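> Coordinates only, no sequence provided:
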């Protein structure tokens, strides 16, 4: 027997929560409670406690500059981003987000004071319940983030960077951070280890190591004569690579552990950047799902509020105007086109899951026999939100109906051919090919170049050798590669060489050398 998700039987007799644009904090509290009732009883969302922060547009711009985090260390690039976004906003060339939400416990939700009462209701439904549920329940965030400790760790990182600037100079600290930021996308572990991330332990580990060093330090070691003979050279390259754990794709981790010339405080700065990069890694893996979950949740919650009379027709029309702008997908030949809108694709797929679960067609039953007609649409979505990331979600749930509505098709652009081939259209084979091709586009492992530390002879010239495994003939842009290798060489302290390898052959090579200050 089909299972139907519980629905609140609320006739349109409840008084409206508000009738105009103005709002105050008691109203926000009533709105939050009304949304929470529907979210808990109908959608059965499971969320962290929420902390709502009302901020100005200038504070929102400041949050943009520091990746949205409430605490962050100082860096010149954040100021550059602030000036750029502020200029675009003041000139009317760029709008601001209605909210920013932080994956933490409690979940911090920033809402702008300029928002109308309707927009405050929308952003609470979108962020405080939709995003919040996804953060707490998706397996990627469970594996890679520590929501209970991230704010404490950022506070520690901010204080540590400030202390390093006082002791070693702002310029020296910025040189390390510049280099680490350039390698940030290559500073993540892509596979879960034996232990979950514990940021409180990371802070205690540094404090214990510093206390140990201070307790066992003796100035007598400074008076010992320097030895000329270095360590015995190991000519067994395989054994050397095994001892160093090579190949290693987490370049920042390798530098933190093995760079010969880095001081302890410099290694800790690299570790801080690496931990923050790891914290943001799940968000790159789940952009479509995360926004799809939040957008579907706010649409359903706002609709239920309207059906029960708690928001007026005028407020609902204001919401729909904003909602349709968010999920608008320009055509491929539209000047506004900049790729697939994750809000549009995510919301379309969530709506389609609801339709397939409640009103399936024969085509739906053929493509999705596991849940077509099951009647529990919200249950299917909650399972998807918890157990998939973008590429697996698209591969599993993208339906022919959505492919037709979104007008998706697959092109083959071979550099050896003069013409572009339309390889997949709207037929049974084409649907599967489009789904598989689109899924690969959302695979973070394919978006970032596969670069690994391949070898280094610590007893020899100490040149660091990296390999880029070329996929689909896409090589690195030479100028960008040279700049990043320069930062890498600065952290390593010696020359570096990057070989681009395709089908076992070296197709390009790039070299980098450290600045004089790092030699």
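Happy to help now that I have it. Model, not experiment: these values are computed from the prediction.
> All the strands of this structure, residue numbers only.
50-55, 99-102, 107-112, 410-412, 421-424, 450-456, 464-469, 496-502, 505-512 (DSSP state E).
> Contact partners for residue 372?
For residue 372, the contact set (Cβ atoms under 8 Å, 6 or more residues apart in numbering) comprises 356, 357, 360, 364, 365. Quick note: C-beta positions are derived from backbone N, CA and C, even for glycine.
> For ChimeraX, write the select line for the buried members of the residues you listed.
Only the buried entries of those go into this ChimeraX selection, using 16 or more other Cβ atoms under 10 Å:
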select :356,357,360,364
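> ok, back up a step: so which of the strands of the chain comes closest to residue 314?
When the strands of the chain are compared by Cβ to Cβ, strand 107-112 sits nearest residue 314, at 20.7 Å.
> on that earlier part again, just give me the closest of the contacts of residue 372 to residue 16.
Once Cβ to Cβ is applied, the member of the contacts of residue 372 that ends up nearest residue 16 is residue 357, at 31.7 Å.
> Check what pLDDT residue 161 gets.
Looking at residue 161, its pLDDT is 92.
> For my notes, please list the contacts of residue 372 in a markdown table and give distance to residue 182 and pLDDT for each entry.
Output for the contacts of residue 372, formatted as a markdown table (distance: Cβ to Cβ, whole Å; pLDDT from 0 to 100):
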| residue | distance to residue 182 | pLDDT |
| --- | --- | --- |
| 356 | 45 | 96 |
| 357 | 46 | 96 |
| 360 | 50 | 96 |
| 364 | 47 | 95 |
| 365 | 51 | 95 |
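> Which single one of the contacts of residue 372 is nearest to residue 311?
For the contacts of residue 372, the nearest to residue 311 is residue 357 (26.7 Å; Cβ to Cβ).
> Next, the contact list for the closest one, please.
Contact partners of residue 357, counting by Cβ under 8 Å, 6+ apart, are 371, 372, 373, 374, 375, 376, 377, 380.
> check contacts around the nearest residue to it once chain neighbours are set aside.
Leaving aside its sequence neighbours, residue 357 sits nearest to residue 377 (Cβ to Cβ, 6 or more residues apart in numbering; 3.9 Å). Under the criterion of Cβ under 8 Å, 6+ apart, the neighbours of residue 377 are 5, 353, 354, 357, 358.
> okay, and the helix or strand of this structure with the least pLDDT?
Using mean pLDDT, DSSP states H and E, helix 199-216 stands out as the lowest-scoring helix or strand of the chain, at a mean of 58.
> and residue 263, what pLDDT?
For residue 263, the model assigns a pLDDT of 92.
> Residue 53 bridge partners, please.
Going by DSSP bridges, residue 53 is paired in beta bridges with residue 110.
> what bits of the stretch 301-450 of the chain have low per-residue confidence?
For the stretch 301-450 of the chain, applying pLDDT under 70 flags the ranges 414-415, 423-424.
> just the helices in it please.
Along the stretch 301-450 of the chain, counting by DSSP state H, counting those that start in this stretch, helices occupy 313-326, 342-358, 362-367, 377-387, 390-397, 400-405, 428-441, 444-447.
> CSV for the contacts of residue 357, including distance to residue 32?
Output for the contacts of residue 357, formatted as CSV (distance: Cβ to Cβ, whole Å):
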residue, distance to residue 32
371, 32
372, 36
373, 35
374, 32
375, 30
376, 27
377, 25
380, 27
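> Buried ones among those residues?
For those, a neighbour count by 16+ other Cβ under 10 Å gives the buried set as 371, 372, 374, 376, 377, 380.
> close enough to count as contact, the last one and residue 373?
No. Using Cβ atoms under 8 Å, residue 380 makes no contact with residue 373, being 11.1 Å away.
> what's the closest non-adjacent residue to the residue most central in space within the chain?
Nearest to the mean C-alpha position of the chain, counting by Cα atoms, centre = their mean, stands residue 283 at 2.5 Å. Spatial nearest neighbour of residue 283, chain neighbours left out: residue 290 (6.9 Å); criterion: Cβ to Cβ, 6+ apart.
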